[in-house]
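Asks: here's my sequence, what's the structure:
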Amino acid sequence: MALIAAGHSATFPVGSSITLGNRDEVPLDRLLLRSLGDSLDLMRHVVESSTICQGGRLIPEALHKRIPAWERGQIVNSAAYIKEMSVDGKWGIPRGAIVIARQILVAEAAYQEELEAASLAGVPWRETFNATQKQCMRCGGKSSWRFVLKPPPNMSQEMAWRLARPENAVPILSALRRCCKDRKRRNPLRPCLGFVG
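Replies: From the prediction side, this is the model:
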């Protein structure tokens, strides 16, 4: 795969606010070339996946079913970058990468912004807090993390990723969780997860 860098070279200063002396400079075209290379690698991964792409054609249903939202967001970001860099022909981008990038952008158009947000949020949370953060918020006993809002059954995975974030979880003791369920039956309007007692 041959990439042809742009003819003009700009520089991008690199350094911390602490270092006031000489600052290194990285040519901007190298930074763009590296980003483009990473995007092309991701497109190659999509094309080489026999479950997502067959005969050079993307299978949107397989993409939606097999790839989590945050990874799809990375794929969308790479496809958008390739599309943007292919304008005016300043960069020699392989035709196949441009074609698959366009197919991806068409397939993900309905949730593009949400997928991009999911990619920025990164890998979904897997309760990776230490032991001191697993104390019940009400009584201080040993507890486990519970999600406050559960995704409705008809919510798409492109939207449900937000409910798997740590901001939507609280540590709560199992006995208190049962108490909350009993209270919800008696008064379903009261959000008792944080107001037990």
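Asks: what about Pro171, how many neighbours?
Replies: With neighbours defined by other CB atoms under 10 Å, the count for Pro171 comes to 19. In short, each C-beta sits where N, CA and C put it, glycine included.
Asks: which SS state does Ile93 fall under?
Replies: coil (DSSP: H, G, I helix; E, B strand; the rest coil).
Asks: backbone dihedrals for the residue lying closest to it once chain neighbours are set aside, please?
Replies: Counting by CB to CB, 6 or more residues apart in numbering, Ser86 is the residue found nearest to Ile93 once chain neighbours are left out, at 5.0 Å. Note on Ser86: its backbone torsions stand at phi -80, psi -10 [degrees, to the nearest 10].
Asks: likewise for the one 5 residues further on?
Replies: Dihedral pair for Trp91: phi -120, psi 140, per degrees, to the nearest 10.
Asks: which non-adjacent residue is nearest it?
Replies: Nearest to Trp91 is Met85, by CB to CB, 6+ apart, at 5.1 Å.
Asks: on that earlier part again, for the residue nearest to Ile93, give me its contacts.
Replies: Shown in contact with Ser86 (CB atoms under 8 Å, 6 or more residues apart in numbering): Ile93, Ile98, Ala101.
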